[in-house]
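# Build me a model:
(chains A, B, C and D)
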There are 2 protein chains.
Amino acid sequence: MPKQTFFNLPKEKRERIVMASIDEFAQYYYHKASISRIVKNAGIAKGSFYQYFEDKKDLFKFIVEKIGQRKMEYLGPEMSNIDKSDFFQVVRSMYISGIKFALENPRLQDIGNNFLKDNDMNLKEEILGETLPKSNEIFVALINKGIEKGELDSSIDVKLTANIITNLSIIVSDYFFNDAKGKDYVEIMPLVDKMLYILKNGIKG
Amino acid sequence: MPKQTFFNLPKEKRERIVMASIDEFAQYYYHKASISRIVKNAGIAKGSFYQYFEDKKDLFKFIVEKIGQRKMEYLGPEMSNIDKSDFFQVVRSMYISGIKFALENPRLQDIGNNFLKDNDMNLKEEILGETLPKSNEIFVALINKGIEKGELDSSIDVKLTANIITNLSIIVSDYFFNDAKGKDYVEIMPLVDKMLYILKNGIKG
DNA sequence: ATACAATATGACTATAAGGTCATATGACTT
DNA sequence: AAGTCATATGACCTTATAGTCATATTGTAT
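Next comes the predicted model:
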C-alpha cells in the first residue's frame, strides 16, 4: 500500500505518477522497469517517490490492483447475469468483455497479461495474494452449475475445464491482437463464437 | 553462434559452461540472468566467456537451440507417424511426449516455457527467427488433412484451432506441474485423455 | 511574525550489470 | 631455443539500478 502521503497529494500529481508508472510498466514490465525513469517522466524527485511508496513492488502492486479494478468494471456486470443466462452465454460475455477491456486499455492489458505469464512465483504470490485462485473458482462453480442444469457434459473434469476456459480467454485475446491484428471491434464476435463453437462441440467431424 | 574458440574447447569445459548457463537461465530466465554468476559457477574468467560468445544473447540463443534439439528428440518420432495414425492419435502422442520431455528435463522445460511466454518480441524474433511459426504450420497442415479425411469438423477455423492445440499443449503440462503436482508419470495419460476428450467432443451436455 | 509539521529535493551510496583489453600462459612449429 | 598462435585472465570501464538522507521549501495554525 502506498503511504498516506501519496493519498494526500493533489489529484493531478497523483495521476501524473500513475500515468508515468503505467507507461513504464507497459513498456518494460516489472523487472526491467526503472524508478529513475518513472520519476523523471512524472516530473518528481527520486526522494519524493520514496515518500509515497515503500519500494518498487509497492508501486507495482498498487498499479496491478488498479488494473484489476478496471477490468472488474468490464467483467462485473456480466458476472451478475450468472444466474439468469446459460453457461455459454456467460462465458461468451466474459470473453467479449475481456477483449473489449483489452481494446480500450491496451497498456493495462499488456501489463496484466505479462504479469500473469511471469514465472516469478514469489512476486505473483506477494501481489495477487488470494486473488489468483478466485478466477478459477468462479469457473468451477459455474461449470458445476452447468452440469447440474444439464447444459454441460457431466463426465468432464471440472478443474481441468475451468483451467482451459480461463486460458482460452487469454488465448482468444492474444490471438485477436497478434495473429489477427488490424481487425477492429466488430470482428471480435465471430472469433469468440468460433472458439466457443469448439469449446461447445469439439472439433471432431 | 558461439565463436570457433568455444567449439575448440575440451568437451568437459564446454559442458561445464553449458551446465552453468542452464542453471542460471532456469533460475533467473533471460533478463535477470547474470554472466558474472555464470562464469563464477563455470569456473572460468569473465574475459574467457567473451572469447567463446559474442554476448549474452549469443549464449542464450545457443542454449535455446540446444533445448529445441532436445525436445525434437522426443517429438520427432511421433511426427514421423503423422501419415499413419489418425489426427487425435498424433496430437495425443505429441502432448504425452511433451510432458515426458518436461518431466525428464525440468530445467530445460522451464527455460523454454518461460521464453515462449516472454513478451520481448525483439528477443523472440532474434532467437527463434523462423522457427516459431513452424510449430503452428505443422498443426495447420495436420488439421487440414484431418478435415479432408473427415476426422475433423470442416466448419472449424483452421488457424484458430491450430493455435488452440498448440496452447493446450502448454496448458496441459503447466496444469500437470502446477495444479496437479506430486503426481507421477502414469497419471499423465488420464489427464491428457480428459483434455483430448474435451477437444474432441466439446463440453456441451 | 513564529513555530511546527508535512512535503520536496537531488546528490549520494552501494551494488551489480555487460562488456573490454592489455597482459600472461602454454602448446606446438621451426 | 625462439617464435608464433590460440587461449586464459581479472582488473577495469561505463552505465544503470534501488534506495537513503540531510537539507530546503511550503503551508498552516497560533
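
# rest of the way, CA atoms for contacts and neighbours
Fine.

# Flag the shaky bits of chain A, pLDDT-wise.
Across chain A, the stretches falling below the confidence threshold (pLDDT under 70) are A:132-133, A:179-182.

# Now A:I198: closest residue in space, sequence neighbours ignored.
Distances taken as CA to CA, 6 or more residues apart in numbering or on different chains place B:G202 nearest to A:I198, at 6.4 Å, with adjacent residues excluded.

# Burial check on the one you found, number of neighbours?
Here the count is done by other CA atoms under 10 Å in any protein chain shown, and B:G202 has 22 residues near it.

# OK, contacts around it?
Going by CA atoms under 8 Å, 6 or more residues apart in numbering or on different chains, B:G202 touches A:I198, A:L199, A:K200, A:N201, A:G202, A:I203.

# Just the buried ones out of those residues, please.
Burial by neighbour count, 16 or more other CA atoms under 10 Å in any protein chain shown: within these this picks out A:I198, A:L199, A:K200, A:N201, A:G202, A:I203.

# I'd say the third one and B:I203 touch.
It stands for A:K200. Yes: distance between A:K200 and B:I203: 5.2 Å, which falls inside the contact criterion (CA atoms under 8 Å).

# Any part of the helix ranked longest in chain A near DNA strand C?
Longest helix in chain A by number of residues, with DSSP state H as the criterion: helix A:56-79. No: for a cut-off given as CA under 7 Å from any atom of the strand, helix A:56-79 has no contacts with DNA strand C; the smallest distance is 14.9 Å.

# what residues does that helix touch?
Under the criterion CA under 8 Å, 6+ apart, residues A:1-2, A:18, A:21-22, A:30, A:35, A:53, A:90, A:93-94, A:97-98, A:100-101, A:108, A:111-112, A:127 lie in contact with helix A:56-79.

# Now that you've got the residues you listed, can you turn the buried subset into something I can paste into PyMOL?
Buried residues among these (16+ other CA under 10 Å), as a PyMOL selection:
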select buried, chain A and resi 2+18+21+22+30+35+53+90+93+94+97+98+100+101+108+111+112+127
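
# so how far is A:P2 from the residue in chain A positioned nearest to DNA strand C?
Nearest residue of chain A to DNA strand C: A:G47, at 2.6 Å (CA to the nearest atom of the strand). The gap separating A:G47 from A:P2 is 14 Å, by CA to CA, to the nearest Å.

# Can you list the buried residues in stretch A:65-81?
For stretch A:65-81, the buried set under the neighbour-count rule, 16+ other CA under 10 Å, comprises A:I67, A:G68, A:K71, A:M72, A:Y74, A:L75, A:E78.

# Kindly provide the distance from the second one to B:L9.
Yep, that's A:G68 we're talking about. With distances taken as CA to CA, A:G68 is found 52 Å from B:L9.

# Just the ones of the contacts of helix A:56-79 in helices?
Secondary structure of the contacts of helix A:56-79 is defined by DSSP H; positions in helices are A:18, A:21-22, A:30, A:35, A:90, A:93-94, A:97-98, A:100-101, A:108, A:111-112, A:127.

# Would you check which pair of these lies furthest apart?
Taking CA to CA as the measure, those reach their widest spread between A:I35 and A:V90, a distance of 40.5 Å.

# Pull up the residues of chain A that are close to DNA strand C.
Going by CA under 7 Å from any atom of the strand, the residues of chain A near DNA strand C are A:Q4, A:T5, A:N8, A:L9, A:I44, A:A45, A:K46, A:G47, A:S48, A:F49, A:Q51.

# possible to save those residues as CSV with distance to B:K149 and neighbour count?
As requested, the residues of chain A next to DNA strand C are exported to CSV (distance: CA to CA, whole Å; neighbours: other CA atoms under 10 Å in any protein chain shown):
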residue, distance to B:K149, neighbour count
A:Q4, 67, 11
A:T5, 68, 12
A:N8, 68, 10
A:L9, 67, 12
A:I44, 65, 15
A:A45, 67, 13
A:K46, 65, 14
A:G47, 68, 9
A:S48, 67, 12
A:F49, 64, 20
A:Q51, 67, 15
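
# So which of those residues is the closest to DNA strand D?
Using CA to the nearest atom of the strand, A:G47 comes nearest to DNA strand D of the residues of chain A next to DNA strand C, at 3.6 Å.

# Which residues are in contact with A:D110?
A:A26.

# Can you name the residues that contact the residue positioned nearest the centre of chain A?
In chain A, the C-alpha closest to the average C-alpha coordinate belongs to A:G112, at a distance of 5.1 Å (CA atoms, centre = their mean). By CA under 8 Å, 6+ apart, A:G112 lies in contact with A:V64, A:I67.

# That one and A:K71, how far apart?
10 Å.

# So what does A:L152 have for phi and psi?
In terms of degrees, to the nearest 10, the main-chain angles of A:L152 are phi -120, psi 150.

# residues in chain A within reach of DNA strand D, list them.
Within chain A, the residues that sit near DNA strand D (CA under 7 Å from any atom of the strand) are A:32-37, A:46-48, A:50, A:55-57.

# hmm, which two among those are most spread apart?
A:K32 and A:S48 (21.0 Å).

# How about A:N163, nearest residue that isn't a chain neighbour?
On the basis of CA to CA, 6+ apart, the spatially nearest residue to A:N163 that is not a chain neighbour turns out to be A:N136, at 6.6 Å.

# Quick one: residues contacting A:V158.
Taking CA under 8 Å, 6+ apart as the criterion, A:V158 is in contact with A:V140, A:I143, A:N144.

# any chance of the residues you listed in TSV, plus neighbour count and distance to B:A162?
Putting those into TSV (neighbours: other CA atoms under 10 Å in any protein chain shown; distance: CA to CA, whole Å) gives the following:
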residue	neighbour count	distance to B:A162
A:V140	19	26
A:I143	24	25
A:N144	17	29
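
# Near A:A42, how many other residues are there?
A:A42: 19 neighbours (other CA under 10 Å).

# so it touches A:R16, yeah?
Yes: with contacts counted by CA under 8 Å, A:A42 reaches A:R16, the gap being 5.5 Å.

# Go ahead and list the helix or strand containing A:T166.
helix A:158-178 (DSSP states H and E).

# Could you give me the buried positions within that helix?
Buried residues in helix A:158-178, counted by 16+ other CA under 10 Å: A:158-177.
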